[in-house]
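K.L.:
Below: sequence and its predicted model.
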Amino acid sequence: MPSTLQVILHQDVKNLGKAGDLVRVRPGFARNFLLPRSFAVPASASAVKRVAHDKAIAAARAERTKQEAGAFATKLSGVTVNLTQRAGSDGRLFGSVTAKDLEASLKALGFAVDRKKLQIGEALRSLGSHEVKVQLHHDVVATIKVEIAKA
């Protein structure tokens, strides 16, 4: 009986590897834990080729979404959102500008951005110019300018 066995993981397994990895494990661990729970399959030649093909497709898809996010970021970076809010004499707003307000304003300008992607940081509570970052992809960040004027 071999001392190790190669399997391809279907799911992430703590302290072993991530989904799609080709790993060597003891036969008992594979037979009693990984295979019955469908965490892995035995590594045959066709299974290894299929996993390599799936990884290539996933990498191409990830690159395409990154490029699309980059193109959208260039369009979004030049955008200025103008808002009017009620404010006191000292320039502080009665309330604040939220991500929901910015999402609605961007939608009115023709940009569909999810408010969860807006990184406001602290709430916008004063008149003037502010910069807000938009996380479009884990590597792509755009910056929009928010101008708040007194109503």
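P.N.:
Happy to help now that I have it.

K.L.:
Hmm, residue 7 and residue 42 touching each other?
P.N.:
Yes. Counting by Cβ atoms under 8 Å, residue 42 touches residue 7, with 5.9 Å between them. The C-beta positions use only the backbone N, C-alpha and C, and glycine is treated the same way.

K.L.:
what is in contact with these two at once?
P.N.:
Here residue 42 and residue 7 share the contacting residues 30, 35, scored by Cβ atoms under 8 Å, 6 or more residues apart in numbering.

K.L.:
Looking at the two now, which is surrounded by more residues?
P.N.:
residue 7 (25 against 12; other Cβ atoms under 10 Å).

K.L.:
Tell me the helices and strands packed up against the strand or helix carrying the more buried one.
P.N.:
Assigned by DSSP states H and E, residue 7 belongs to strand 5-9. Here strand 5-9 touches strand 22-25, strand 40-42, helix 45-77, going by 3 or more Cβ pairs under 8 Å, 6 or more residues apart in numbering; DSSP states H and E.

K.L.:
just the angle between the longest one and strand 5-9, please?
P.N.:
Helix 45-77 runs at 30 degrees relative to strand 5-9, counting by axes from the mean of the first three to the mean of the last three Cα atoms, to 10 degrees.

K.L.:
In contact with residue 6: list those residues for me.
P.N.:
The contact partners of residue 6, by Cβ under 8 Å, 6+ apart, come to 22-24, 42-43.

K.L.:
how about 6 Å then?
P.N.:
Taking Cβ atoms under 6 Å, 6 or more residues apart in numbering, we find residue 6 in contact with 24, 43.

K.L.:
Need the per-residue pLDDT for it.
P.N.:
pLDDT recorded at residue 6 is 94.
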